[in-house]
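Engineer: What follows is a protein structure lacking sequence information:
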Ligand SMILES: Cc1cc2nc3c(=O)[nH]c(=O)nc-3n(C[C@H](O)[C@H](O)[C@H](O)COP(=O)(O)OP(=O)(O)OC[C@H]3O[C@@H](n4cnc5c(N)ncnc54)[C@H](O)[C@@H]3O)c2cc1C
C-alpha cells in the first residue's frame, strides 16, 4: 500500500448518512473517501425523487431530488474522494490494524477507520415474474416513479398493495387519465388514511388479482394490455393501459456484513448492533443511518445526521486520542472562514 492510498475515514454508502459523514469528516480535517455502489450519490431518496419531504429540521418542504442535490453539495464541501459504481464485498484488517475494504471488482481500499452507511443494503426492485417481461423495461414497464409528469393523461396499472404502491396510486390519480391498482391479497397493507383516500378515489382496485400476462401492441415494443387473473374466482380481466408500474418491494443485498472476516455484532441478522454514539463491536468501525440499531435510533434522515456526526467524532478520537470529543459548531469554525467571506460578499452585493 502506498501511503497516498491510506484514508483516515472511508464511508461505505453515499446516502444521507454517508454524505453527512463525509461533510463532518472534512470538517474535522480527516482524509475522507466515500464508496457507493450506484452510479450516483443520494441513496434511497432516488426511489422517491418527486415526493415532498417535510421532516428534515430547518428545511421547508422539499422534493427528494432537491434534497439529494443539497446533500451532495454539502457532502462534497471538503472534497472527499468519491468512488462510484463499486460494491464493497468485505471488510478485514491487516496486522497494523488498517482496514482493507475489498470491492466486487477486486480493488482494495485502505483506511484507518470505516463508517458503514449502507442503509437497507443494495436495493433492487422485485421484478415481475413473467417470462420476457424485462424487454419492456426500456418502454412502459416501470419499477419506480421517477417523474409524475411521465404519467400525465395516461392509463396506468399499478401492481402492489403496500404503502409505496398506494401512495403512487393516490398521487397519480389526479394526474393520470385513469389508475388501476391490482393486488394479490384481499386487502391493502398500508396506512389507514392513505387506504381511505384511495378507496374514495376514482382508482379501480382489483383484489386477489395478479398480472398474468403482458400483451404487446402491434409494434411489439410497448405493453398495450395486461391480463389479470383473480386467484379466488379464476376470472380473467384485460385492461388497456399505457404504463405498468410494479411495486412488489425490494430485494436487499446485505452480504457485506455477513461476509466480512471481522466479527461485527449484528441485530436481526441485518443491522449493525451499535451504541448511541454509532460505535460497533469492532473498534475503529462505526455505523450511521438506517443500518445502525440501538435503543435511541431514529429511522429518519434527521436521525442519520446525528449518527454521522457521532461516528465521525469517534473516528477522530480513534485516530487521534487527544483530539476534541466534538467538532466545533460551524458558525464560528475556522474551516469556513474563506467560504464565509465569499458568501458574505454575495449577500451584500
Ligand atoms: C418511499 C420512502 C419515503 C421516505 N420518506 C422519508 C421522509 O419523508 N423523511 C425521512 O426522514 N425519511 C424518509 N424515508 C427514509 C429515508 O430515505 C432513509 O431513512 C434514508 O435514506 C437512510 O439513509 P442512509 O444513508 O442510512 O441509507 P440509504 O439512503 O439507503 O443509502 C445507502 C447507500 O449505500 C449504498 N450501499 C449499500 N451497500 C453498499 C455496498 N456494499 N457497497 C457500496 N455501497 C453500498 C446504497 O447503494 C445506497 O446508496 C423514506 C424512505 C422511503 C423508501
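Structural biologist: It's in. What you see is a predicted model, and the numbers here were worked out from it, not measured in a lab.

Engineer: For the chain, which residues score under the pLDDT cut-off?
Structural biologist: When residues are selected by pLDDT under 70, none of them lie in the chain.

Engineer: any idea how far the residue nearest the centre of it lies from residue 14?
Structural biologist: By Cα atoms, centre = their mean, the chain has its centre lying nearest to residue 44, at 1.5 Å. Distance of residue 44 to residue 14, given as Cβ to Cβ, to the nearest Å: 11 Å. (Each C-beta comes from the backbone N, C-alpha and C, glycine too.)

Engineer: what's the residue nearest to the centre of the chain in contact with, if anything?
Structural biologist: 15, 119-120, 123, 290 (Cβ atoms under 8 Å, 6 or more residues apart in numbering).

Engineer: do you know how far it is from residue 300?
Structural biologist: Residue 44 sits 12 Å away from residue 300, going by Cβ to Cβ.

Engineer: Ok, residue 209 next?
Structural biologist: According to Cβ to Cβ, residue 209 and residue 300 sit 35 Å apart.

Engineer: With neighbour numbers in mind, choose between those two.
Structural biologist: residue 209 (24 against 16; other Cβ atoms under 10 Å).

Engineer: State the distance from that one to residue 144.
Structural biologist: Distance from residue 209 to residue 144, counting by Cβ to Cβ: 22 Å.

Engineer: Please apply the same query to residue 31.
Structural biologist: Between residue 31 and residue 144 the computed distance is 35 Å (Cβ to Cβ).

Engineer: Quick check: phi and psi at residue 177.
Structural biologist: Dihedral pair for residue 177: phi -70, psi -40, per degrees, to the nearest 10.

Engineer: got the contact list for it?
Structural biologist: Neighbouring residues of residue 177 by Cβ under 8 Å, 6+ apart: 153-155, 242.

Engineer: Can you tell me which of these are buried?
Structural biologist: Among the contacts of residue 177, the ones that count as buried by 16 or more other Cβ atoms under 10 Å are 154, 242.

Engineer: which one of the contacts of residue 177 is nearest residue 305?
Structural biologist: Nearest to residue 305, judged by Cβ to Cβ, of the contacts of residue 177 is residue 154 at 37.9 Å.

Engineer: Next, the residue nearest to the centre of the chain: phi, psi?
Structural biologist: The phi/psi pair for residue 44 (degrees, to the nearest 10) reads phi -60, psi -20.

Engineer: What's the separation between it and residue 316?
Structural biologist: With distances taken as Cβ to Cβ, residue 44 is found 27 Å from residue 316.

Engineer: Up against the ligand, what does the stretch 1-150 of the chain have?
Structural biologist: Residues of the stretch 1-150 of the chain lying near the ligand by Cβ under 6 Å from any ligand atom: 12-18, 35-38, 43-45, 47-48, 51, 53, 55, 87-88, 117-122.

Engineer: Need the buried ones from these selected in ChimeraX.
Structural biologist: Buried members of those, defined by 16+ other Cβ under 10 Å, are picked up in ChimeraX with:
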select :12,13,14,15,16,17,18,35,36,37,38,43,44,45,47,48,51,53,87,88,117,118,119,120,121,122
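
Engineer: Pull the number of nearby residues for residue 49.
Structural biologist: Around residue 49 there are 18 other residues, counting by other Cβ under 10 Å.

Engineer: Could you confirm whether the longest helix seen in the chain reaches the ligand?
Structural biologist: What stands out as the longest helix in the chain, according to DSSP state H, is helix 301-319. Yes. Part of helix 301-319 sits near the ligand under the criterion Cβ under 6 Å from any ligand atom, namely 301-302, 304.

Engineer: Tell me the buried residues within those.
Structural biologist: Listed as buried from the residues of helix 301-319 next to the ligand are 301, 304; burial here means 16+ other Cβ under 10 Å.

Engineer: Looking at the residues of helix 301-319 next to the ligand, spot the one nearest the ligand.
Structural biologist: When the residues of helix 301-319 next to the ligand are ranked by distance to the ligand (Cβ to the nearest ligand atom), residue 301 comes first, at 3.5 Å.

Engineer: so that closest one touches residue 19, yeah?
Structural biologist: No. Using Cβ atoms under 8 Å, residue 301 makes no contact with residue 19, being 10.4 Å away.

Engineer: so how far is residue 15 from the residue of the stretch 51-200 of the chain found nearest the ligand?
Structural biologist: Closest residue of the stretch 51-200 of the chain to the ligand, Cβ to the nearest ligand atom: residue 119 (2.1 Å). Distance from residue 119 to residue 15, counting by Cβ to Cβ: 5 Å.

Engineer: so what sits against both of those two?
Structural biologist: Here residue 119 and residue 15 share the contacting residues 43-44, 289-290, scored by Cβ under 8 Å, 6+ apart.

Engineer: circling back: cross the contacts of residue 44 against strands and list the overlap.
Structural biologist: The strands, defined by DSSP state E, take in residue 123 from the contacts of residue 44.

Engineer: Would you convert the contacts of residue 44 into TSV that also reports distance to residue 110?
Structural biologist: Formatted as TSV, those follow (distance: Cβ to Cβ, whole Å):
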residue	distance to residue 110
15	23
119	24
120	27
123	28
290	26
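
Engineer: Show only the entries of the contacts of residue 44 found in helices.
Structural biologist: Among those, no member falls in helices (criterion: DSSP H).
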